[in-house]
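Novice: 3D, please:
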Amino acid sequence: MPISTQFLIVAAFVLCVSMAVLGTWMNQQIKHSVLVTSGAQASEFMHGVIEPLVQDFEADGSLSAASKAALDALFIGTPLGTTIVSIKIWRDDGLVLYATSKTLVGQRFESTDVGKAAKGKIIAEYEDLVSSESAYEQTLPVHLIEVYAPLYRVGTEDILAVGEIYENADALAAELFQSQITTWLVVAATTLLMISMLYMIVRRGASTIAQQRAELRHRYVQAKRLAEQNAELRMLAEQSRLKASEANEQFLARIGSDIHDGPIQLLTLATLRLTAATRAAETSERREARPLEHIEYAVRTTQDALAELRNISTGLSLPEIDGLRFEDVVSLAIYRHEDLTGEKVSYGGTALPAGVDEALRICVYRVIQEGLTNATKYAPGSNKQVQVTAEDDHIVVKIVDQGPGMPTSDEGQTDRLHLGLSGMRSRVEFLNGTIRIDSVLGRGTSITARLPIEILPDAA
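Specialist: Model prediction:
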């Protein structure tokens with residue numbers, strides 16, 4: 001619930017309570033003032049009019065017949081009787097000496113007001129008719145003011161009796177009602193004015209608070225969004241760091257693979273040639289050209305290895321395949337192996353796409369190179385076959401030898417074999433491809449790589 005509405009509800013409650021309290025208080029104040037005035041006037045009236053008529057008493061203490069007759073003549077059936085509707089004369093012991101209601105004369109009542117008036121006090125009351133001695137007055141259809149006053153012996157301070165009169169107070173009742181209504185209206189108008197002014201202030205303050213709350217909520221949402229963005233950025237930064245680390249590892253692996261698949265393979269072949277030359281020189285009885293051929297091959301292979309090392313150091317893995325068609329790249333890998341080893345490799349396959357991504361061409365080149373080198377090292381002199389086919393948007397490369405097969409236990413595999421196979425697998429998986437190696441002891445080894453084709457947009 002808005003603050004302004006809460007204020008309005010509380011203010012309305014305060015207004016109603018204030019009207020009731022202030023109206024009642026003003027009514028009581030007016031009534032008290034009227035009673036004081038009425039009591040004084042009634043006392044003067046009783047001293048001037050009634051007191052001279054009650055100076056004669058009988059021997060038994062009752063009021064004389066002459067005094068009663070004079071009082072009847074004054075109040076019963078006269079215009080004065082319309083204002084003073086009833087009168088009683090009391091003795092200080094509560095005995096009624098005279099009353100316009102004749103049934104009360106001679107009766108005794110307990111009355112504290114009579115006792116107070118017998119001691120010299122003036123008592124004025126409004127609408128306080130509860131005692132049994134006022135049974136007659138209670139039946140009258142008018143509002144009454146009841147006044148008790150002491151009656152003195154003329155010229156002295158001796159109290160002879162107590163006079164009680166009932167005045168018609170309809171005018172007072174109307175005035176009190178009008179005063180109460182007026183008081184309520186004034187209080188209501190004043191309170192409404194104050195509430196209206198305060199309500200405008202509170203409403204403006206509530207509007208300001210609502211705007212500030214909305215602004216704070218907006219800033220909180222912005223701060224939360226920024227925090228979420230910062231969290232996302234931190235996550236992205238962490239992912240980028242991990243990717244950079246992974247890319248760095250892959251880059252290092254690629255460099256290691258390039259060195260292994262290129263220069264190391266060439267140096268391995270050169271070592272094999274030098275070993276063959278040494279054996280030929282040791283077993284030959286006469287010098288022949290055969291050892292020299294091996295040495296020349298070794299020198300040429302070493303030069304090629306140095307060239308590849310230079311290419312790798314400058315970031316050019318295989319510059320010799322740049323601009324070649326895919327089929328020419330496959331033929332170059334087989335030709336270089338045959339040229340370096342002197343072995344013949346059987347090639348078969350289907351027509352290959354004219355243009356594919358350079359990374360795919362390099363990968364196929366390295367897979368053929370590594371596969372044939374491993375076959376030469378572990379199955380020298382055996383038949384070797386290479387098949388490259390295009391199947392379902394994939395390039396399938398298969399290298400088969402009929403050698404003794406690879407050992408099945410880790411103990412039978414050298415570190416170099418692990419590195420070569422790991423390099424091939426890493427290259428193929430980097431291009432979202434798959435590789436499978438099947439080897440049976442005594443029957444040979446088959447390496448099959450399956451790579452997705454990415455045709456270049458400008459390929460013919």
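Novice: just how off-centre is stretch 376-396 within its chain?
Specialist: Remark: stretch 376-396 is offset 65 Å from the chain centroid, using C-alpha atoms, centre = their mean, to the nearest Å.
Novice: so where's the protein uncertain?
Specialist: Flagging of the chain using pLDDT under 70 yields the residue ranges 244-254, 257, 261, 273, 277, 280-292, 294, 310-319, 407-420, 455-460.
Novice: Break it into its domains for me.
Specialist: What the record gives for the chain is the domain set 3-168, 342-460, from automatic domain parsing.
Novice: Can you get me the start-to-end distance on the first one?
Specialist: Yep, that's domain 3-168 we're talking about. End-to-end distance for domain 3-168: 53 Å, by C-alpha to C-alpha, to the nearest Å.
Novice: How far away from the center of its chain is it?
Specialist: Using C-alpha atoms, centre = their mean, the offset of domain 3-168 from its chain centre is 74 Å.
Novice: Same check on the last one?
Specialist: Between the centre of domain 342-460 and the centre of its host chain there is 60 Å, according to C-alpha atoms, centre = their mean.
Novice: what's the answer for stretch 2-14, then?
Specialist: 29 Å.
Novice: What residues sit buried inside that stretch?
Specialist: S4, F7, L8, A11 (16 or more other C-beta atoms under 10 Å). Every residue, glycine included, has its C-beta placed from N, CA and C.
Novice: Distance to E175 added to the domains of the chain, as a markdown table?
Specialist: A markdown table is the format used below for those (distance: least, C-beta to C-beta, whole Å):
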| stretch | distance to E175 |
| --- | --- |
| domain 3-168 | 7 |
| domain 342-460 | 107 |
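Novice: Go through these and name the closest to Q222.
Specialist: Nearest to Q222 among those is domain 3-168; the distance by C-beta to C-beta comes to 25.9 Å.
Novice: quick one: the strands in this structure?
Specialist: Using DSSP state E, the strands of the chain run over 84-90, 96-99, 123-126, 144-152, 159-168, 345-349, 384-391, 394-401, 434-440, 444-452.
Novice: tell me which strands and helices the longest helix along the chain is in contact with?
Specialist: Counting by DSSP state H, the longest helix found in the chain is helix 170-259. Packed against helix 170-259, as judged by 3 or more C-beta pairs under 8 Å, 6 or more residues apart in numbering; DSSP states H and E, are the following elements: helix 3-45, helix 290-313, helix 415-430.
Novice: Out of those helices, the one nearest E228 is which?
Specialist: E228 lies closest, by C-beta to C-beta, to one member of the helices and strands packed on helix 170-259: helix 3-45, at 32.8 Å.
Novice: Going by contacts, tell me the helices and strands next to that closest one.
Specialist: Short answer (3+ C-beta pairs under 8 Å, 6+ apart): helix 3-45 packs on strand 123-126, strand 144-152, strand 159-168, helix 170-259.
Novice: can we see that at 6 Å?
Specialist: strand 123-126, strand 144-152, helix 170-259 (3 or more C-beta pairs under 6 Å, 6 or more residues apart in numbering; DSSP states H and E).
Novice: Can you say which of these is packed in most?
Specialist: Of all those, strand 144-152 has the most neighbours on average by mean count of other C-beta atoms under 10 Å, namely a mean of 24.
Novice: Partner strands of that one and their direction?
Specialist: Looking at strand 144-152 with DSSP bridges, its partner strands are strand 123-126 (antiparallel), strand 159-168 (antiparallel).
Novice: buried sites along the last one?
Specialist: Of the residues in strand 159-168, those buried by neighbour count under the rule 16+ other C-beta under 10 Å are L160, A161, V162, G163, E164, I165, Y166, E167, N168.
Novice: Turn the residues you listed into CSV, including distance to S43.
Specialist: Shown next, in CSV, are these (distance: C-beta to C-beta, whole Å):
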residue, distance to S43
L160, 15
A161, 14
V162, 11
G163, 9
E164, 11
I165, 10
Y166, 14
E167, 12
N168, 18
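Novice: Farthest-apart pair in those, please.
Specialist: Farthest-apart pair in the buried residues of strand 159-168 is L160 and N168; separation 26.9 Å (C-beta to C-beta).
Novice: could the helices and strands packed on helix 170-259 be laid out in CSV, adding distance to T341?
Specialist: Output for the helices and strands packed on helix 170-259, formatted as CSV (distance: least, C-beta to C-beta, whole Å):
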stretch, distance to T341
helix 3-45, 94
helix 290-313, 9
helix 415-430, 16
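Novice: follow-up on the earlier one: out of the helices and strands packed on helix 3-45, nearest to T24?
Specialist: Checking the helices and strands packed on helix 3-45 against T24 by C-beta to C-beta gives helix 170-259 as the closest, at 7.7 Å.
Novice: just how off-centre is the closest one within its chain?
Specialist: Between the centre of helix 170-259 and the centre of its chain there are 10 Å (C-alpha atoms, centre = their mean).
Novice: now it and helix 3-45, what's the angle there?
Specialist: Interaxial angle of helix 170-259 relative to helix 3-45 (axes from the mean of the first three to the mean of the last three C-alpha atoms, to 10 degrees): 160 degrees.
Novice: got a list of contacts for stretch 42-52?
Specialist: Identification of contacts with stretch 42-52 by C-beta atoms under 6 Å, 6 or more residues apart in numbering yields I122, V147, A149, L151, G163, I165.
Novice: you'd agree the first one is up against A149?
Specialist: Yes. Applying C-beta atoms under 6 Å, one finds I122 in contact with A149, separated by 5.0 Å.
Novice: what's the spacing between E308 and R366?
Specialist: Distance, E308 to R366, by C-beta to C-beta, to the nearest Å: 11 Å.
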